[in-house]
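Trainee: Build me a structure from this.
(chains A and B)
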Amino acid sequence: DSHIQYERVGADVTMKCGSMDWDAAVTWTANGTDIDESHLNGSYLILKNVDLSQSGQYSCYEGSSWHLKYQTSLRVGTPPKEPVLMCRSNNYPKGFYCSWHLPTPTYIPNSFNISVIHGTKDMVCEKDAVPKNRCHIRYLQLFSTVKYKVTLTVTNPLGKNFTTLTFDEFAIVKPDPPESVVAKPVPNNPRRLEVSWQNPSSWPDPDSFPLKFFLRYRPLILDQWQHVELSDGTSHTITDAYAGKEYIIQVAAKDNDIGTWSDWSVAVHATPWTEEPKHLTTEAQITETTSASTSSFMAPPTTKICDKGAVVGSGAMAVCWTAGLVVAAYSVLFI
Amino acid sequence: GDSWGIFTFLCAALCNLPALPALNCSEELGAGQSIQQTYDLTRYLEHQLRTLAGTYLNYLGPPFNEPDFNPPRLARAERVPSATVDLDLWRGLTDNARLAANYRAYSRLLCYLRVLDGQVGTAELRHRLAHFCASLQGLVLSIGGVMSSLGYPLPAGPAGPPTPPGAPAAPNDFLKKMDDFWLLKELQTWLWRSAKDFNRLKKKVPPAVVTLRLEARGF
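Mentor: A predicted model of the protein is given here:
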């Protein structure tokens, strides 16, 4: 008959050929391949300091008759390390979920058992089908002063381990990031970007449990973010964008009063509105003499060139704008 | 942020404490702005409580000041009003019931805190507690103001410090400290709950009232 045998990495394994005597003549195979006699001690198979590659099917045959006397599946693995457990309420006040994983693989099957205690009450954490290693709990009571204690035990044939989390209802509130973040340029406004977003769909009751938001934005070419905190509303107009520069924008959410900030939303890109250049090709020669190389980045002076007593006719204006744009393009090259 | 909270608290304090002659202020306050002020007050108090609780729990010493300290609720602790409530019940509370629950809770918590104030050891703690009690008094009055402006009667209750009926003073030092621990915990939870209570109430008051008041004050 067939067995399964679990052994630790680095262990010395002795396999007996079923009920055969020690001095019986036998042949061992590993995954169908004969094993050299040097690994045998009588009819026992000795594997020293086993490693993962030695997992497999081991069979023992009587010497002459080639009868199969014993078969076992060797699985080499490790006992579980302390699991990593995380609990979070992204749907306050409905409830919370806990998810877990092992920091390193054990290479053998593990089973998880989670227990949730609230004061003296045992609560059932319902396992989710997807993703695995996750379960959720519905709050029966709100505004509780008693902490929740969650214990996760992981067991496999080589050992067990556990970890515990203790927390207040309010401490684990963390919404999902805002959704559908959209950033658009504003026509005729070269320094504005209009950003809008929606509450995360997992947040069940934004009327009674309003969210506040944190917006961050920067031009792609700079490292430093600018931040705006917004206590209500799901839109904001950036008014200090550098003209003509592509921006990266993200939004995060938090319950107005409790818990922590969500992760950042998916990043969106947008460039503020710029006027269409009209005589771009003919101005290339003019700008070669007027381009200024600056090592630090400055907001391109789109109107400065043209301010000094220029007669404003539509043709002259077009020239000024395009000159400004091309200078801007050149100064970017020098960064 | 914080400075706004402090500002509105000062306004509420000046306008609501009966001792001060600022009657014009309280007459003008519509329900909308009162609710917003009360909300801001709870946030301010919650912030204050964090510092106060930290200092007080350190004064009590271990295990009370350990972050994982999670003692079972003893029966004697039940006399402190609990913010815990069934979710559907909380949702279904009428405005009157919601406000009354807050009013009653903070009135009693205030009384217990004042008793604490009389017993506590260090001068720093006594100073902090006194300051907190004054702010909490402002909150109770602010809630009362909202109830009055909405036409609800104020809940009748113990006017002065309660002699807790039937509950004896703590038989030993450790149990006394447990009482203090739970008092602070309930206070903290109530302040978190009140923020949510007043969020719900905010929705009920027409926004026009709020903007009108803000413009009149030149904000």
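Trainee: Where do the helices of chain A begin and end?
Mentor: A:284-290, A:304-307, A:314-333 (DSSP state H).
Trainee: and residue B:33, helix, strand or coil?
Mentor: Secondary structure state of residue B:33, per DSSP: H, G, I helix; E, B strand; the rest coil, is helix.
Trainee: So it versus residue B:39, what's the distance?
Mentor: 10 Å (CB to CB, to the nearest Å). C-betas here are computed from N, CA, C, even on glycine.
Trainee: Over to residue B:82?
Mentor: 21 Å.
Trainee: what's the answer for residue A:114, then?
Mentor: 37 Å.
Trainee: Next, count neighbours for residue A:227.
Mentor: When counting by other CB atoms under 10 Å in any protein chain shown, one arrives at 9 neighbours for residue A:227.
Trainee: Surely it is in contact with residue A:213?
Mentor: No. Here residue A:227 lies out of contact with residue A:213, judged by CB atoms under 8 Å, at a distance of 11.0 Å.
Trainee: Sketch out the low-pLDDT regions of chain B for me.
Mentor: Low-confidence segments of chain B, defined by pLDDT under 70: B:1-30, B:75-78, B:120, B:157-170, B:205-219.
Trainee: helices or strands next to the lengthiest helix in chain B in the packing?
Mentor: As assigned by DSSP H, the longest helix anywhere in chain B is helix B:173-204. Helices and strands touching helix B:173-204, as assessed by 3 or more CB pairs under 8 Å, 6 or more residues apart in numbering or on different chains; DSSP states H and E, comprise helix B:31-60, helix B:95-119.
Trainee: thinking again about what came up before, by mean pLDDT, show me the worst of the helices of chain A.
Mentor: The stretch with the lowest average pLDDT out of these is helix A:304-307, scoring a mean of 39.
Trainee: Cross-check the contact I'm expecting between residue A:80 and residue A:155.
Mentor: Yes. If you go by CB under 8 Å, residue A:80 and residue A:155 touch, sitting 7.4 Å apart.
Trainee: The two: which has the busier surroundings?
Mentor: Neighbours were counted for residue A:80 and for residue A:155 using other CB under 10 Å; residue A:80 has more, 24 against 16.
Trainee: which ones are touching that one?
Mentor: Counting by CB atoms under 8 Å, 6 or more residues apart in numbering or on different chains, residue A:80 touches A:102, A:106, A:110, A:154-156, A:159-161.
Trainee: Chain A contacts on chain B?
Mentor: B:43, B:46, B:68, B:70, B:72-73, B:82-87, B:90-91, B:182, B:185-186, B:188-190, B:192-193, B:195-196, B:199-200, B:203 (CB under 8 Å from any CB of the partner chain).
Trainee: Recalculate using a threshold of 6 Å.
Mentor: Within chain B, the positions lying close to chain A (CB under 6 Å from any CB of the partner chain) are B:68, B:70, B:83-87, B:90, B:185-186, B:189, B:192-193, B:195, B:199-200, B:203.
Trainee: In space, what's closest to the closest residue to chain B within the stretch 151-300 of chain A - neighbours in sequence excluded?
Mentor: Going by CB to the nearest CB, chain B is nearest to residue A:257 of the stretch 151-300 of chain A, at 4.1 Å. Sequence neighbours aside, residue B:195 is the residue nearest to residue A:257 in space, at 4.1 Å (criterion: CB to CB, 6 or more residues apart in numbering or on different chains).
Trainee: Is there a neighbour count for that neighbour? I'd like the number.
Mentor: A total of 20 residues lie near residue B:195 under the criterion other CB under 10 Å.
Trainee: Return the set of buried residues in the longest helix of chain B.
Mentor: Across helix B:173-204, burial judged by 16 or more other CB atoms under 10 Å in any protein chain shown covers B:177-202.
Trainee: per-residue confidence at the residue of the stretch 101-250 of chain A found nearest chain B?
Mentor: Nearest residue of the stretch 101-250 of chain A to chain B, counting by CB to the nearest CB: residue A:143, 4.2 Å away. Looking at residue A:143, its pLDDT stands at 95.
Trainee: how about the residues of chain A that lie near chain B?
Mentor: Within chain A, the positions near chain B by CB under 6 Å from any CB are A:141-145, A:147, A:166, A:170, A:207-208, A:257-258.
Trainee: any chance of those in JSON lines, plus neighbour count?
Mentor: Supplementary listing: those in JSON lines, determined by neighbours: other CB atoms under 10 Å in any protein chain shown:
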{"residue": "A:141", "neighbour count": "18"}
{"residue": "A:142", "neighbour count": "21"}
{"residue": "A:143", "neighbour count": "22"}
{"residue": "A:144", "neighbour count": "19"}
{"residue": "A:145", "neighbour count": "22"}
{"residue": "A:147", "neighbour count": "19"}
{"residue": "A:166", "neighbour count": "15"}
{"residue": "A:170", "neighbour count": "18"}
{"residue": "A:207", "neighbour count": "9"}
{"residue": "A:208", "neighbour count": "15"}
{"residue": "A:257", "neighbour count": "22"}
{"residue": "A:258", "neighbour count": "20"}
